[in-house]
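J.: structure for this input, please:
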Amino acid sequence: MDFGKVPERELEQIDFTLPPDPAVTTETLKKGKGKTKFHVGCAKWGRKDWIGKLYPKGTKEKDFLEYYAHLFNSIEFNGFFYSQHSREQVEKWKEKVPKGFKFCPKFTQSITHFKRLKDTRAEVDSFLNIVDAFGDTLGPLFLMPHPSMNLKTLPDIEAFIEDFPKDVALFLELRNEEFYTDGYNPELYAFLRKHKRGTIITDAAGRRDCVHMHLSTPECFIRFVGNSLHHTDYERIDEWVDRLGKWMKEGLQQCYFFMHQHEELHSPELIKYFVEQMNKKNHTELKAPILQENTLF
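T.: Numbers count the residues shown, from 1 in each chain. Purely as a prediction, here's the structure:
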């Protein structure tokens, strides 16, 4: 993932401190029921360079998902952005994961990037028909409009979300800087709260504006982008552990936390550190992946 990537020499100059929570986030969390459910994982499972680190030596590519799903309980499924796949394929994936596992598919680029959310009824219906095959393993859908979509196209974003089925969970990520000139665009935030749609927080070194801390529902969806295990990665994780502990006390119901690295080889180490610190400091009971050769589940 290249979003927000900066040269390593610049990392020491960046202020990675998480912004304070806006009052609206605290207000939103008060409506939550607490007892936070955590969904933790990476952005993909098909990494051959994880053999001998995350997967036992000799693991076949066809078995990657099965091993992954016994180490993590969720996946941020970016693969749907590039290919819609098929119901048959989805059903095969579903069979490989245990009860409670969640897939969080990203909307396909035909919807978000080619058609920019306009006149997409046929594409959306097709997409929903396929992801429906995930059944009880389907988590929230991940909507990222094309980065060029700005405040002028806000009506298109709102119209798309308003027309989207209410019984399908959806979180929104925004890349265009115009939405963050005042922390988070007030009009869009009010719209998301009204329609009970979630906001995505993307924590990347080169785009600190995307760390907006505005929760529109008592849930959070965090995309953490590390920098090849630079010491600041661990310090940033420590801050998130503290903030999540605060949100848990204030009523946070669900947390989706997905690990990215500009070099995905290193994602397992950092998500393991996150889980261990959450268990230590916030008394959660999350399953930490064991990173060693010949790991078995």
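
J.: how about the strands of the stretch 1-150 of the chain, start to end?
T.: Taking DSSP state E, counting those that start in this stretch as the test, the strands found in the stretch 1-150 of the chain are 37-42, 74-77, 102-105, 141-143.

J.: for His195, find the nearest of the ones you listed.
T.: If you check each of those against His195 by Cβ to Cβ, strand 141-143 wins as the nearest, at 12.4 Å. In short, each C-beta sits where N, CA and C put it, glycine included.

J.: okay, now stretch 53-72: how far is its last residue from its first?
T.: This stretch, stretch 53-72, spans 14 Å end to end (Cα to Cα, to the nearest Å).

J.: quick one: average pLDDT of that stretch?
T.: Mean pLDDT, computed over stretch 53-72, is 94.

J.: and for stretch 8-25?
T.: Averaging pLDDT along stretch 8-25 yields 97.

J.: run the chain-centre distance for that stretch.
T.: Once both centres are worked out by Cα atoms, centre = their mean, to the nearest Å, stretch 8-25 turns out to sit 18 Å from its chain's centre.

J.: what comes into contact with it?
T.: Stretch 8-25 has contacts (Cβ atoms under 8 Å, 6 or more residues apart in numbering) with 6, 183-184, 189, 193, 205, 208, 211-215, 227-228, 230, 232, 235-236, 239-240, 243, 246.

J.: quick revisit: same list, the strands of the stretch 1-150 of the chain, but as JSON lines with mean neighbour count and distance to Gln13 please.
T.: Formatted as JSON lines, the strands of the stretch 1-150 of the chain follow (neighbours: other Cβ atoms under 10 Å; distance: least, Cβ to Cβ, whole Å):
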{"stretch": "strand 37-42", "mean neighbour count": "22", "distance to Gln13": "28"}
{"stretch": "strand 74-77", "mean neighbour count": "24", "distance to Gln13": "29"}
{"stretch": "strand 102-105", "mean neighbour count": "24", "distance to Gln13": "33"}
{"stretch": "strand 141-143", "mean neighbour count": "22", "distance to Gln13": "31"}
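
J.: and of these, who's closest to Thr284?
T.: Closest among the strands of the stretch 1-150 of the chain, using Cβ to Cβ: strand 37-42, at 6.4 Å.

J.: which strands or helices does the closest one pack on?
T.: Under the contact criterion of 3 or more Cβ pairs under 8 Å, 6 or more residues apart in numbering; DSSP states H and E, strand 37-42 touches strand 74-77, strand 254-261, helix 267-282.

J.: hey, what's the angle from that strand to helix 267-282? Just curious.
T.: Put simply, strand 37-42 runs at 150 degrees to helix 267-282, going by axes from the mean of the first three to the mean of the last three Cα atoms, to 10 degrees.

J.: who's in contact with strand 37-42?
T.: With Cβ under 8 Å, 6+ apart as the test, strand 37-42 has contacts from 68, 72-76, 102, 104, 139, 253-260, 264, 267-268, 271, 274-275, 278, 284, 286.
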